[in-house]
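> Predicted model follows, preceded by the sequence.
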Amino acid sequence: MTVRESNKYNVYNRNKLFENYPNLAENFFISNHYPYSQVELFEQAVTTITFLREPYTRLVSWWNHVQYKNESDQWTPREYHADICNETDFKKIIDNTRFRNTQFNSMTRRLGQYYDFLSFTKKQNYVTMLKQEFSDPTPPTKNDFEKAKDVLETCLIGIQEDYRTSSKYILSHMGIEANEKHITEPKALNNAMLGHQDMLNELNFYDYELWEYGKKLYNARIKEYNKNF
């Protein structure tokens, strides 16, 4: 579903992704870690696809991701997280304020928190808000969690642990035929998140509950989908 080039995420028009699908001629596919409220910036209706994942396995994958290195001059996530990337002490990592604020309950934050992008002037534009989101985000509240659940009601939901069925369901819903291409992330030699499943799921209590809620919605939709096939 995501096209990846050298660890960068981009926007592709149909000439890049959907050239064989005339019904998608006027569509764009946008992939990134955008806050949901950013949809207000679009001048037309959008279909939102959200994949949910157990917080523990997401953080294991995230640690592999930020350890990514290449030999080119391109920016990599490791540079942004240089203060913890070489750390092996799990407690020191989770006590890092920026790590906690950016990584704990991040699914809930991005889906449930409202960012008033439309209030910015051209000079201030929404990049200002995104920089704040990445550097020192505000932890989500109970209200944000409830809002995130409401957002899931309107999204196409995929569950990472059931990726193939999720992809098939979403592509079918959107009328897209596509060859599956799975991207394998490199694995860190030492992943500090491994072995801390219970603690990380507890620290990500909103995201864990959101994942469970999303699975219920997803299973009900898949059950209905399977009736037609």
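Good, I have the coordinates. Residues are numbered from 1 along each chain as shown.

> Let me see the mean pLDDT of the longest helix seen in the chain.
In terms of residue count, the longest helix belonging to the chain (DSSP state H) is helix 205-227. For helix 205-227, mean pLDDT is 96.

> Nearest residue to the middle of the protein?
In the chain, the residue lying closest to the centroid (C-alpha atoms, centre = their mean) is residue 33, at 4.9 Å.

> follow-up on the earlier one: and the longest helix of the chain, how far out from the chain middle?
Relative to its parent chain, helix 205-227 has a centroid offset of 16 Å by C-alpha atoms, centre = their mean, to the nearest Å.

> Would you indicate which residues of that helix are buried?
Neighbour counts using 16 or more other C-beta atoms under 10 Å place 206, 207, 208, 209, 210, 211, 213, 214, 215, 217, 218, 222 of helix 205-227 among the buried residues. C-betas here are computed from N, CA, C, even on glycine.

> outside of that helix, which residues touch it?
50, 52-55, 58, 104-108, 111, 140, 144-145, 148-149, 152-153, 157-159, 162, 165-166, 169, 172-173, 201-202 (C-beta atoms under 8 Å, 6 or more residues apart in numbering).

> Buried only: go through those residues for me.
For those, a neighbour count by 16+ other C-beta under 10 Å gives the buried set as 50, 52-55, 58, 104-108, 111, 140, 144-145, 148-149, 152, 157-159, 166, 169, 201.

> What about those residues, which are in helices?
Using DSSP H, the buried ones among the contacts of helix 205-227 in helices are 55, 58, 106-108, 111, 144-145, 148-149, 152, 166, 169, 201.

> what's the most distant pair in the residues you listed?
By the measure C-beta to C-beta, 144 and 169 form the most distant pair in those, at 27.0 Å.

> how much space is there between the residue lying closest to residue 169 once chain neighbours are set aside and residue 61?
Leaving aside its sequence neighbours, residue 169 sits nearest to residue 225 (C-beta to C-beta, 6 or more residues apart in numbering; 5.6 Å). According to C-beta to C-beta, to the nearest Å, residue 225 and residue 61 sit 27 Å apart.

> Show me the shaky parts of this protein.
Along the chain, segments meeting pLDDT under 70 span 1-28, 32, 68-77, 117-118, 120-136, 178-186, 229.

> 80 instead, please
Where the chain drops to pLDDT under 80, the residues are 1-34, 38, 40-44, 67-82, 115-137, 176-189, 228-229.

> any idea how far residue 224 lies from residue 169?
Distance of residue 224 to residue 169, given as C-beta to C-beta: 10 Å.
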